[in-house]
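# Mind folding the following:
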Amino acid sequence: MNRRTKLAGSLLAAALLAAGCTGSGGTSKGADAKAPVDPDKVTGTITVLTHRTDLVQDGTMKKYAAEFNKTYPKVKVEFDALTDYEGEVKIRMNTENYGDVLMIPAVIKKSDYPKFFASLGTEAERAKKYLFTDFTTVDGKVYGQSPMGALPGFLYNKRVWKEAGITDWPTTPAQFIDALKAVKAKTDAVPYYTNFKDMWPLTSWTYVDGAVSCDPQATSRLAAGDPWAEGEDLRIGDTMLYDIVRGGLIEKDPTTTNWEASKPKLAKGDIATMWLGSWAITQFQAAAKQAGANPDDIGFMPFPAQKDGKHCATMSPDYNQAVNVNSDHKEAARAWIDWFTDKSGYAADNLTLSPVKGAPLPEVLQPYEDAGVKLIELDDAKGAAVKEIDNQSEVGIYKPDYRQDLVDLARGARKGSLDDFLGDLGKRWEEARKSSGS
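As a prediction, the model looks like this:
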């Protein structure tokens, strides 16, 4: 499986929020999944639904289960790997049979979490230890926990950028554009690759929000006003993308891009730069090895903006694991989630952020630490309101369509001006925001 179904909880699955899911919402079996006290007394067979078909197929998940059994010997863990995770789980959740542990699908409204999932405890308590707790908090209780997180940034070929004469990270959009112009002038590489045809990578541009302003309340700002007003993060990010395309700094024909093929091309230096996320680093390093290129050429840099002389990057959770409120083995299910989050090494194995506060950054993000990049945990208290506005406005900040339109506008395949384009987005957003009462 590739990244199109991987970090979907943050980047892709939100596109399905417009869909509905009724579910049985059974509550007769209790709404809490309390942490186990005595591992030897935790028993039962649990089914874990997962989108990681690759890790089930190659035996990795089975190895995790074997390690888990060293602590919880009386719990049997079975995995149900789903290729179309969102689509299949949405259907299953119209019954009570949607596994014992599952990743929370994006189609479920946050306010409905208590109907479907058992509480893991209070936010006040869990936030002391874990990141991302407010993403699944309803009325002070937490209903899911992500086992890992990611940072947005540019994957780039360090060798190519060095050949172009750039050794320092750009600190403004204008400097970044100049850097891409130098790549075009001094190397044979495509300066920036849009991944236009595969569409979903364009959604990553929403995650400049917060990284530009270095503001933990960036999500709340989306719910409070026009995201494309002058000086706002999304306007700055979308304008830079427009300028990159308008300046002829991308592939010749965006309609022919290919995500899988782009990985070895960047690794070999045929492509210089892509905006994605830290989750992609290991994939591009693997592509480099396969292509006979140097994995050390794969670099990762933050968005070209600074506050108080420092770059910023926002931390986003992966899918959040939850306990089915209807499960007959809530204690065993809760044991799995706690162990998988704290002890499995899953985040380290994937070279991603650990959700445990104070955990060291993975080695691939050492340059961020060395450069003093400030990591921002966004307040998601208004996350549900933002998604409601997004759905009503039909803008789709968590979908790729409007940025495909933006790329088409910049390359002349669509008529109009950038100001009018962004102004229309802002108008639709404001109308939806006011009608929703946000």
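# what bits of this structure have low per-residue confidence?
Low-confidence segments of the chain (pLDDT under 70): 1-30, 438.
# can you map out the helices along the stretch 151-300 of the chain?
158-163, 173-186, 218-224, 233-246, 259-268, 281-291 (DSSP state H, counting those that start in this stretch).
# quick one, which of those is nearest to residue 133?
Residue 133 lies closest to helix 218-224 among the helices of the stretch 151-300 of the chain, at 14.6 Å (C-beta to C-beta). Using the backbone N, CA and C atoms, a C-beta is placed for each residue, glycine as well.
# Tell me which other helices or strands the closest one touches.
helix 383-393 (3 or more C-beta pairs under 8 Å, 6 or more residues apart in numbering; DSSP states H and E).
# can you give me the strands in the stretch 201-350 of the chain?
273-277, 298-301, 312-317, 321-324 (DSSP state E, counting those that start in this stretch).
# Need the winner for burial among the ones you listed.
Greatest average neighbour count among the strands of the stretch 201-350 of the chain goes to strand 321-324 (a mean of 28), per mean count of other C-beta atoms under 10 Å.
# gap between residue 423 and residue 274?
28 Å (C-beta to C-beta, to the nearest Å).
# let me fix that: residue 117
Residue 117 is 35 Å from residue 274, by C-beta to C-beta.
# Confirm for me that residue 247 is in contact with residue 181.
Yes. At 7.0 Å, residue 247 and residue 181 qualify as touching, with contact defined as C-beta atoms under 8 Å.
# Flag every buried residue along the lengthiest helix in the chain.
Using DSSP state H, we find that the single longest helix of the chain is helix 418-436. Judged by neighbour count using 16 or more other C-beta atoms under 10 Å, the buried positions of helix 418-436 are 418, 421-422, 425-426, 428-430, 432-433.
# how about these in TSV, adding distance to residue 376?
Shown next, in TSV, are the buried residues of helix 418-436 (distance: C-beta to C-beta, whole Å):
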residue	distance to residue 376
418	27
421	28
422	24
425	24
426	24
428	27
429	23
430	25
432	26
433	23
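# ok, those vs residue 89, which is closest?
residue 432 (27.5 Å).
# which residues sit in contact with the closest residue to residue 137 other than its chain neighbours?
Nearest residue to residue 137, sequence neighbours excluded (C-beta to C-beta, 6 or more residues apart in numbering): residue 123, at 4.5 Å. Residues near residue 123 by C-beta atoms under 8 Å, 6 or more residues apart in numbering: 133-134, 137, 140-142.
# need the strands for the stretch 51-200 of the chain, in chain order.
75-81, 101-103, 117-118, 121-122, 137-138, 141-142, 149-150, 152-157.
# ok, now which ones touch the residue lying closest to residue 288 once chain neighbours are set aside?
If the residues on either side of it in the chain are set aside, residue 288 comes closest to residue 267, at 3.6 Å by C-beta to C-beta, 6+ apart. Applying C-beta under 8 Å, 6+ apart to residue 267 gives the contacts 157, 284-285, 287-288, 291, 293, 295, 297-298.
# Would you quantify the distance from residue 267 to residue 191?
Taking C-beta to C-beta, one finds residue 267 at 16 Å from residue 191.
# And residue 265, by the same measure?
13 Å.
# neighbour-wise, which of these two wins?
residue 191 (26 against 21; other C-beta atoms under 10 Å).
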